[in-house]
Structures are given as structure tokens and as C-alpha cells.
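Colleague: Coordinates for the following, if possible.
(2 chains)
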Amino acid sequence: MFKTKLIYKFLLTFLIFSIALILPLSFSLRKDLKGMFTDTEVLIEKGKIKDARAIEDKLFKEIFTHLISISFYAFFLAFILSIFFSRRFLNPIKALYAGAEAVKGGNLDIKIPVYSTDELGEVTTIFNEMLTNLRAKTEELQNKDTYVKTMMDALWVVDINDIIVDINPAFTKMFGYERNQVAGSSIYDFLDTENAMIMKKELGLKRHRGEHSIYEINITAKDGSQIPVLITGAPIIRDGEVVGKIGIIKDFREQAKLVKELKESKAYIETIIDSIEDSILIINHDYRILKANVAALTRYGNNITEKKCHEITHHSSRPCWMEGEDCPIQGVFTNGGTWRTIHEHYDEGGNKCYAEVIASPVRNSEGKVVEALEIMRDVTERVRHMDEINRRNRELILLNSIASIINQSIKAEEIFSSVLDRLMEALDMDGGCVFIIDEKTRTLICSCHRGIAEQCTSTAVRIKLGSDIPGRVAVTGEVMTSSDLSSDSRISLSAFKDTGIKGYCCIPVKGKDRALGVYCLFKFKEHFFTMEEERLLRAVGEMTGLALENIRLYEEMRIDRGLAEAILNTMSEGVCTVDTNGVIVSANRSAERILGIPATNLVGRDYTEIFSEPVEGDACPVVKSLKGEKASAEFIPEKGKGDVIHVSSLPLMDPANRIYGAVQVFRDVTREREIDRMKTDIIRSVSHEFRAPLSAIVGLSEMLIDGDIDGTRARKYLLTIYEEGMRLSEMVSELLSISKIESGKESIRFSNIDFPEIVESVKRVLDVPVANKNISLLTEIDTDIQGFYGDRGKLRRLLLNLVDNAVKYSDPGSYINLRVRYSGEYVILEVSDTGWGIPENDMANLSKRFYRGTHGERTKGTGLGLALCKEIVRIHHGSIDIKSRLTKGTTVIVTLPYRRLDDA
Amino acid sequence: MMPKVMVIDDEPFILMMIEDKLRRGGLEVFTLRESKNAVDVIRREMPDLIILDWMMPEISGISICKTIKTDPDLTKIPVFMLTAKGQEDDEKLGIKCGVDRYITKPFSPRILLELVREQLGNK
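Modeller: Down below sits the predicted model:
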């Protein structure tokens, strides 16, 4: 409804002004009229106006003239005033106008003030709302435009005639065309012939139906290159009519590349799969073969796809379900994981074969198992080999266990019965027995039996060589088997025939050149002995025979060894053997004795521990002989009595000339070395001691010959020559007597000894030197020594030597005391002096021949005296004891056991 | 003046033999049977040559030789060692101790005289 508030306002203003103007005017008019009426009345009264009518006219005229002018004037004034005062009512209109102008100019961001609540106010409000809406719309449009512009994918808009209407910046970016270059062109301008055809087909098919379309196409870019794209087309529908189409163009270069690669890799994988020799099948839930590689097609036939896998591989109408033959495909579909198994299969020709099957799940993107991949490898050969190996293995285990039985025992019966048990177990036999050949009676004697009643074997307990089956086998040395003894036509009469035995086998136990026994094995059921079993049994027979042969050899060897040991242990030389590492392996009794170490302590020790530093000879004879040489050396062993041991070492070689050790033969050569040393000493001493008298003889006689000497002096010379010659002769005889006594060649003449007489004789001999040195020689003899038997000459020599030594090794004026005492079972001879005494380091060597000691240089002597004394005491079974203190003197005590003639 | 030779030996017959031989050879001989005071006697007598036995009681010839050879007054006196010790080692030891001539027993008095003369002639 049109509102008229503005008009009312104007009218009201006009009315107010009109009234405001008309009211004073009407008052002045009334006053004028009153004046006029008064005037008129005056006139009438005065009679000037004679005619009323005329008066009325005149009055009317007057009123009318006044009224018109005043009204006009009033109205005019009111109008002016009302216009003036209504001027502000135009402000909203002005504002509206200005707003409209601004909008026209494109500025939507304005707000028109609302001055009133009248129509204009409302119009302004509506205008403002309109502006707000317009702004929102524009913003939305701008946003949409921005989206379109910022779209990554290119976009084109075409009209119904396939003329491009618009594109987005992405299009420009992708193809290089600017908007103005493209707008108005046909889309076919950007496609080559082939792609144009595709496009036409796509558009022709779908456009008119108003359908969406997605298609791949190549668009020619500005630079001429063909860019693969995916176009998603949607019709633009206006008023229910297709007016154009919008196409979103996706860059498909990457995808195209990927697709290409995918194709290539697919081809590659297929090539690989086809070139794999194992059969590969892809199988679905229904066990249907979806795909098979070339190998599978070759193996199972060309037409296997779409068939069920078990039909192909097992020739069975259902998947395998047997124990140990679980279907791997089923496993894959029920449990997921990879399954590996070996199955019995059939090839295209229906031959049985073995396949190793590996089934793995093929999962979709959700992880669900959709298909199963089955790889099948032909392992027929392998399985056969495995079977063969297993069988061989079982045989070997059996042979090995038998070998260990043989090795563990050296009793023939024990070996036979254990081997029998093992054979029965291995071949699953019900019984068996062993016959041992008795060479003397030429019969087979049953030594043990299993699984057969006593009475059965009792008949067969002794079988003559050559009769019955065992007898014949023993003679021929061939294995004899029978799958059913009871119906075997070859055997007419046998102790085993009516015992219910069916499967029967008889094996000879062959020694080196003759049969030693027979094994019999049997079963109460029929049993066919295979070639392998026969071969195995023959081997066992040979093995046992060999073992028995070895036992016999061992027995012989044991006897031989005992003999060798006896020889070794009775020989005087020490013998020990060392291995290649120089460790002592064995030692005989003499070795123990010579080395002073028990054999148990010797064995296992390093040879060099016992013989470290050689005194003489090869540094280590063992090392040399382990290299194959013969070597010898002398040692002073670690333990023992400081003895010298001569070791000769020889390599030990096996028949192949390989060294497996060395044998050491050693001898205690202490005595020999002592003798050698003594010999040297004697030669040395003889040459030395003999020189002094020889000097006299040679020198003096030379002078005599030269005629240097004459008269009485010559006589003195000759005397000296004679005396020195005598001394020489004495030395020779002393030496000889020691040697004689030592070698036991000199006979001992026993007689009743008269000690006083011997002492007197000694005193007489030493009279001159004693007197020369002014020595006091005191003698003290028990007179009741009776019946002592000994060699007079030697005992005299003993005393003479002892007293002579005392004289020689004493200063002039010394005392010497000689005592002969009787003490129970013994006669004690004691010579003591107050002489020089013997230095401690000489004590040990005193009685060695020619040993002269520290004081030796001060006196003349043979160095044989004490040595001779020692020998004399020895042959009288006595002992000699020397006590001495340097500068104080020496005491020699000889203890001789009391002997009677009958003892001597 | 006749050259004086001193002979020290405990064997009387050796002394007798050498004394007789050297005297006949025109040399003055002085003999000594005991080695105990030998060095003192040598100092007193100052011989032109000394003939020593090695093995003697009391003091051995080799120690007398050592004393002579280490004494500046006596060192130039030639020393003959007359000994039964015939081993090579003994001779070496003797030479080491300053022995001028090593003569082993038994010896020829004639050759000894020649050697003594030779030694004295060299002087």
C-alpha cells in the first residue's frame, strides 16, 4: 500500500502555515469588513447610498477584492514557507540518489543513512539491504572465481557448438594458451585428428543426453606437444536445456607414465613368472585356477585355467584331506599365512610325482585374502634321493651300531648275540640263532637263540658242516634266504622246516679264509628279503667275521706283546718311547731304575724335562730322531745319583715310512765314564809322575856317557840312577796291584794276621823319612788280637801307605800315632797325625787314583796310595773313614770285620 | 866374571846333575833345595839366570817366578822352568807367569847347558 506520509507532512505544514496566515488575515478582513459596513451604514445613513443593491454589489466587490488578494497572498506565503520548511524532507532522496550513483560506479561498500521512518526511510533501508545482499553475492561470485582461478586442474567451458567460452589460469599454465587466444575457438582446434575423433565420439554420445563424461585424450599444447589429459565433462543446463559443457582437464602425464610403467612391469613380472621353472598357479576360493605360468601349463596341460587345482594335481574331485597331506590352498584361505608342504602329485601323463608346494596369500588393498599363489616345484628326484638316503642311513646306523658292538667287546659269543639282537630289531624278525663252527668236530654249535623254543633249537643244536641250511651256508659262504621256508621246494629236510618258521635267512660269518659261524634270522610270517636287505646282511656277516679275525689277532698280539714286554723289562738298558711331540709314551723297568723315576711318573712327561742339557753329543737326540735321524747324547738326568746316562735315539716308523715317534735306549755309563776319566788320569799322572825318576835316569846317564863325570862322583850318579829306577818300578807295581785288585785278577791269600809283626815291618821301612823329619811315631797294638784272617801283604801295604802319608803330609817334629785295636766284631786300624790336615774340597776325591790334592805339589808321591788302601779295605769287606782338620791333623780309621779262616 | 846361575829344586839328584853340568860349562852355580827362602836368596845373590822346579814343598816354583817377574829389581833375570808338568796348559801358564824357557823333565843336561849359554849370550 502506498504510504502517503510525506504528502501528509507537506499538507500539514501547508495547513499550519495557511491557518497561521489566514487567521490574522481573516481578523484584518473582519476589521476591514466591519469598517466597510460601518462606512456603508454611514453612507446609507448619510444617504449617500441610496440603492441597497448597489451597496451590496459594491460591498461584495470590495470583499471579493480583499479576499482574493489576501488569500492569494496568504496562500503564496504559506506555500513558500511550507516549501522552505519541508526542504529537509528531500535529504533522504539525495542520499538515495548518491547511493545509487555510487552503486552505479561499482562501489558496493556503502551504507545510506536512514533519516526517517517514512517511505523514503523504508526505501533507504531496502536499498541498504539490497546493497548488503549484492555485496554478499558479489563476494560469493568473487570467491567462486578465485576457486576457479586457483584450481590446479585446467578447465574449459564450451558452448553447444563446442566453441570455447572460457578457460581458467590452470589451462593457460598447462597448455600455454592465454584466455583471449582460446575464447571463441573450437575445441577441435586443440586436438589432432585421432583425438578429435575420440572427443567427437564422447561428446556425441553423451552431450545430448546431458550426461557426464570422463575420457582420456591428448590435447595439443601451444608448443605443439601432445599432453595426455583426463577430461571430466559435465553439461551446463539452463532452463532444462543443455547450453554448453564444462570440462575439467586433469594432467595425466604422470598417470600415463605410471600406466606405461605398470604395463611394462606387468609384462616384466609375467615374463619372470613364465621363465620360472616351477609351476605357478593363482587359485581362488573355489580352488579354481585363474592363472598359470608357462611351466604349469607345460606340466599340467594347456587347458588348466578355470579348472580346479586338485583335479589337475591330485586327479581328485576334492581337495586333499589326508593326514600329512593338508591342502595348502585351504590353509591359505583359512589361516592366511604361507604354507609349505610336499605333495604327491600326478603330471599330465598321469605319472606319480612329488611336488614341493608353497602357497601364499594374495591380498587385496583391505588385506583380505582374495587369491592364493601356489608355487610347485618338482622334487620327485629329490624325494627319491631322500628315500634312498634315509634307507642308506638306516643301514649305516645299523652297521654302525654293530661296529660299536664289535669294538666294545672282544668276546666272540657276546658279539654274536648282540649283533643278532640288533639284526632282529632292524629287520623286524621274530627270532634268530647263532651257530659257531667247531673246527675240530666240523660241526656248527648253536651258541645263542632268540624267539624260538628250546626244543626247536635242541634238534638243531649241533649241525654237521654241509648239512641243513646253516651247514650249507657255512660251506658255500653265500647268504641264503627264503620268503616261506615251509613251502620252499629247495629245502626238503631241515630242522627249521616244521617249526612254523616262514621267512628265513641264513648269513655266513666269514673270516679271512674260512667261515667262522652262521647267523639265522626268521619270521613266523612270510617275508621277502629284498636285495638291499641281503646286501646288508652279507655286510654284517663280513663285519662280524672280520671282528672275530681281529680278536684272534689281538689274542696273538697280546701274547707277542707280553713277550716283548718281558724282554723289555728284563733288559739292562732303559728303553722308553716318545710320541711325535716328544712326550714319553712308555718306559721299561730299567728306565725307571736308571732314571730313578717310576714309570708312572715318566709316561706323559715331556722328554726334555728329564733330559735337559746334554753333557755331550746332540743337543736333543729326540728332536733329531723325530726328523728321521739316529742320534745319541749323554745326560745327567734330573733325578738320579748324578750319573751319566748315554741315550741313543732312533726314529719309529710305520710301514709307510712315516715317523710316529722315537725310541730311546739308555745306559748308565757312569762307571764307563769313570774308567775313561781314570784312564786319562793314569796316563796324565803316569806321564807326570814317571818324569821325575826318568829325568834322573836320562839326565845322569847322558852326563855319564858324555864323560862329564868320573871317579867317585860317577858312582853316586849310578846309584841315583838305580834308586830312581827302583822308584819307577815301585810305582808301576803299585799301579798294577790296584788294577789287579780292581779287576779282581789278583788272588787274595788269607792267613792269620800277626799285627805287631806288620807294624814292625812298616816302622822299619819308614825309619829313614821319619828320622829325617824328626817325627815321633808311636804305635799301640792290642796284643790279644787272635785269629784275624786277611792278606798279610796287602794289610802291610795298607798300614805302610797310611803311615807314609802321615809322614809326608806333616811338618818336621809332628806326632804320628798308629793304633791297632780289637773291638768286638772288628779290628780297627787307626793312624792319626798332627800334620797339615786335608782341605775340605779334597776330601771327596781322596781315594781317587793319582789324586794328589792341594798338598800334592809339596810332596813326592804316586797319588796311588789311598786308592790302593781303599781297594785293600774293600776286599776285606771293611770300611775306611778319614777325619781331618786343616793345620790340625788327620785321622784315618779302617774298620775290618773280624773274620775267621772259614769265612774267608 | 863368570855368569852366576841359580838352581832351585827339591830333588838332590837334579841339583847335583845341573850343578855338575853347568860348572863344567864354565858357569858359577848356586843351588837351593828349599824354596821357603828362595826369593830372599835371589835378592842377595842376584844371579844372572834362575832354573826353577815347579813342584816343590812350601813354595812352588811358579809362585817364585811370579814374585821375580813382578819385582822391578829382579824382573830382568831370565827364569828357566824345569818341570815334570808336560801338559800344554801348564806350559801356557808358565809362559804367562813370565817363564823365559819351559823345559820338561826328563831333560838333557847338555841341551840345558846350551840353552843357558844361549840365554846368557843374548843378554
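Colleague: can we go C-alpha only for contacts and neighbour counts from here?
Modeller: Will do.
Colleague: which strands and helices sit next to the strand or helix carrying A:V148?
Modeller: Using DSSP states H and E, A:V148 maps to helix A:119-150. Where contact means 3 or more Cα pairs under 8 Å, 6 or more residues apart in numbering or on different chains; DSSP states H and E, helix A:119-150 is packed against helix A:91-104, helix A:169-175.
Colleague: Do a quick rundown of the strands in the stretch 601-750 of chain A.
Modeller: Applying DSSP state E, counting those that start in this stretch to the stretch 601-750 of chain A gives strands spanning A:614-617, A:631-635, A:645-653, A:659-668, A:750-752.
Colleague: Mind checking these for the one nearest to chain B?
Modeller: For these, proximity to chain B was assessed by Cα to the nearest Cα; strand A:614-617 is nearest, at 22.4 Å.
Colleague: mind checking the SS state of the residue nearest to A:A359 when sequence neighbours are not counted?
Modeller: Closest residue to A:A359 apart from its sequence neighbours, by Cα to Cα, 6 or more residues apart in numbering or on different chains: A:E374 at 4.3 Å. Per DSSP: H, G, I helix; E, B strand; the rest coil, the secondary structure class of A:E374 is strand.
Colleague: A:E374 pairs with what?
Modeller: Counting by DSSP bridges, A:E374 is bridged to A:L281, A:A359.
Colleague: Can you pull the phi/psi pair for the closest residue to B:P12 other than its chain neighbours?
Modeller: Excluding the flanking residues, the one nearest B:P12 by Cα to Cα, 6+ apart is B:R33, at 7.1 Å. The phi and psi values for B:R33, taken as degrees, to the nearest 10, are phi -90, psi -20.
Colleague: now the end-to-end length of stretch A:275-295.
Modeller: With Cα to Cα, to the nearest Å as the measure, stretch A:275-295 spans 8 Å from end to end.
Colleague: er, stretch A:246-262 I mean
Modeller: In stretch A:246-262, first residue to last residue: 31 Å (Cα to Cα).
Colleague: how far is it from where the chain is centred?
Modeller: 54 Å (Cα atoms, centre = their mean, to the nearest Å).
Colleague: Buried residues, it. List them.
Modeller: By neighbour count on 16 or more other Cα atoms under 10 Å in any protein chain shown, the buried set for stretch A:246-262 is A:I246, A:G247, A:I248, A:I249, A:K250, A:D251, A:F252, A:A256.
Colleague: related to what we said a few turns ago, which helices and strands does the helix or strand just after the helix holding A:V148 pack with?
Modeller: Per DSSP H and E, the first helix or strand lying C-terminal to helix A:119-150 is strand A:154-159. Other helices and strands packing on strand A:154-159, by 3+ Cα pairs under 8 Å, 6+ apart, are strand A:164-167, helix A:169-175, strand A:241-251.
Colleague: which residue does chain B bring closest to chain A?
Modeller: For chain B, Cα to the nearest Cα, closest residue to chain A: B:P57, 3.2 Å.
Colleague: so what's A:V583 closest to, chain neighbours aside?
Modeller: The shortest distance from A:V583 to any non-neighbouring residue, by Cα to Cα, 6+ apart, is to A:D606 (4.4 Å).
Colleague: ditto for A:I70
Modeller: With Cα to Cα, 6+ apart, the residue lying closest to A:I70 is A:L25, at 6.8 Å.
Colleague: Tell me how many other residues crowd that neighbour.
Modeller: 19 (other Cα atoms under 10 Å in any protein chain shown).
Colleague: Relative to the whole chain's centre, how far out is the strand or helix carrying it?
Modeller: Following DSSP H and E, one finds A:L25 within helix A:5-45. The chain centre lies 137 Å from the centre of helix A:5-45; the measure is Cα atoms, centre = their mean.
Colleague: Would you mind measuring from the residue nearest to A:V583 to A:D438?
Modeller: 50 Å.
Colleague: what's the answer for A:Y346, then?
Modeller: 58 Å.
Colleague: the more surrounded of the two?
Modeller: Neighbours per residue (other Cα under 10 Å) separate A:Y346 from A:D438, with A:Y346 holding more: 19 against 15.
Colleague: do you know how far the more buried one is from A:G233?
Modeller: A:Y346 sits 57 Å away from A:G233, going by Cα to Cα.
Colleague: And for A:G331?
Modeller: 48 Å.
Colleague: higher neighbour count, the two?
Modeller: Each of A:G331 and A:G233 has its neighbours counted (other Cα under 10 Å); A:G233 has more, 23 against 18.
Colleague: What sits closest to the more buried one if chain neighbours are left out?
Modeller: In space, A:G233 is closest to A:G247, 4.2 Å off (Cα to Cα, 6+ apart).
Colleague: Chain A contacts on chain B?
Modeller: B:13-14, B:17, B:20-21, B:24, B:55-60, B:84-86, B:105-110 (Cα under 8 Å from any Cα of the partner chain).
Colleague: repeat that for 6 Å
Modeller: By Cα under 6 Å from any Cα of the partner chain, the residues of chain B that approach chain A are B:M55, B:M56, B:P57, B:A84, B:K85, B:K105, B:P106, B:F107, B:S108, B:P109.
Colleague: In ChimeraX, select just the buried ones from the residues you listed.
Modeller: Buried residues among the residues of chain B next to chain A (16+ other Cα under 10 Å), as a ChimeraX selection:
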select /B:55,56,57,84,85,105,106,107,108,109
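Colleague: Flag whichever of the residues of chain B next to chain A scores worst on pLDDT.
Modeller: Lowest pLDDT of these: B:P57, 70.
Colleague: next one: phi and psi at that one?
Modeller: phi -60, psi 170.
Colleague: Quick check: it vs B:D9, distance?
Modeller: 10 Å.
Colleague: Then A:I741?
Modeller: Distance, A:I741 to B:D9, using Cα to Cα: 36 Å.
Colleague: Please compare those two by neighbour count and tell me which comes out ahead.
Modeller: The neighbour count for A:I741 versus B:D9, taken as other Cα under 10 Å, is higher for B:D9 (25 against 18).
Colleague: Give the full set of residues in contact with the more buried one.
Modeller: B:R33, B:D53 (Cα atoms under 6 Å, 6 or more residues apart in numbering or on different chains).
Colleague: per-residue confidence for the most centrally placed residue in chain B?
Modeller: The residue lying closest to the centre of chain B (Cα atoms, centre = their mean) is B:I51, at 1.1 Å. For B:I51, the pLDDT comes out at 93.
Colleague: hey, what's it bridged with?
Modeller: B:V7, B:F80.
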